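Q: quick one, fold the following:
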Amino acid sequence: MLEVGIETLLLLLAAGFAAGFIDAIAGGGGLITVPVLLLAGANPVTALSTNKIQGLFGAATAAATYARAGHVDLKAQVGPALIAFAAAVAGAFLVAYLPTEWIRVILPVLLIGIAIFFALKKGLDDLDRQRRLSPALFTALIVPLCGAYDGLLGPGAGSFYMLAFVSLAGYGILRATAHTKLLNFASNAGGLLAFSFVATPWWITGLLMGCAQIAGARAGAGLAKKQGARVIKPLLVVTSVSLAAKLLWDMI
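A: Reported below is the predicted structural model:
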């Protein structure tokens, strides 16, 4: 049975499309969908868990789109994706034990730092650079950290994955964006698995929003493939600053 009325559902579908478009390029689609889910009457936990349902579709679509264009080898990412999944499950179950309020205070500062990095760092384009961590060390250290954070809180996880791929793995902007999507999908799935034990997601609404996410993700990934860093960098800066502003507003 549908959890919301038709008019509300149409608003949620529009939000899902917009979020899929933004997520496919720079991440941060939850800035749109979570507030709209709250406006639709979902409590915070239901909104977060429903957001993870619909977010799976957008991340999977973007990952497949980038893979077909040759920007990422999804088979090579299976191992890191499984680690991100497990770390997200662990992170979600650790919500009751870790000082998430301190994380919420620090998070806006980190996001603003990411925005400044991508806005001012010279030479950031679609060309790969020298990596600072080997693939094995990156998978062992960075992937579980980002995955656990995605399960624990979630906002900004895509930006953290992106920053790590650019600054530590040495990837160009477009290639880094492509590599975040399967990991985002995996940590979203892990968080949803954990949430399903402690929350009541709007499954039907989330699945319908997921269909809208597919359309938005295809459009966003298509634009990113054509424009590369020229569109990814400014949108990443805008979404990081917007997310930081929202988190600071929520603390007031």
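Q: okay, CA-based contacts and neighbour counts for the rest of this
A: OK.
Q: tell me where this structure has helices.
A: 6-25, 30-39, 44-68, 78-93, 100-120, 135-137, 143-152, 157-167, 173-198, 203-227, 229-251 (DSSP state H).
Q: what does the fifth one rub up against?
A: Think helix 100-120. 124, 152-153, 156, 159, 163, 233-234, 236-238, 240-241, 243-245, 247-248 (C-alpha atoms under 8 Å, 6 or more residues apart in numbering).
Q: let's go with 10 Å and repeat that
A: The contact list for helix 100-120, computed with C-alpha atoms under 10 Å, 6 or more residues apart in numbering, reads 94, 121, 124, 149, 152-153, 155-157, 159-160, 162-163, 166-167, 173, 232-248, 250-251.
Q: how about the shortest one?
A: When contacts are defined by C-alpha under 10 Å, 6+ apart, helix 135-137 is touched by residues 80, 143, 168-169.
Q: so residue 155 sits against residue 33, correct?
A: No - with contact defined as C-alpha atoms under 10 Å, residue 155 does not reach residue 33; the gap is 11.6 Å.
Q: looking at those two, which is more packed in?
A: A direct count of neighbours by other C-alpha atoms under 10 Å for residue 155 and residue 33 places residue 33 higher, at 29 against 23.
Q: mind listing what's buried along stretch 231-247?
A: By neighbour count with 16 or more other C-alpha atoms under 10 Å, stretch 231-247 contains the buried residues 231-233, 235-244, 247.
Q: one more: stretch 82-94?
A: For stretch 82-94, by 16+ other C-alpha under 10 Å, it's 82-93.
Q: would you mind checking the average pLDDT for that stretch?
A: The pLDDT scores in stretch 82-94 average 91.
Q: adjust the sequence numbering to begin at 493 for everything that follows.
A: Renumbered: residue one is now 493, and that last one reads stretch 574-586.
Q: contacts for it, please.
A: Applying C-alpha under 10 Å, 6+ apart, the contact partners of stretch 574-586 are 570-573, 589-590, 592, 631-632, 634-646, 674-687, 689-690.
Q: brilliant, that's me finished.
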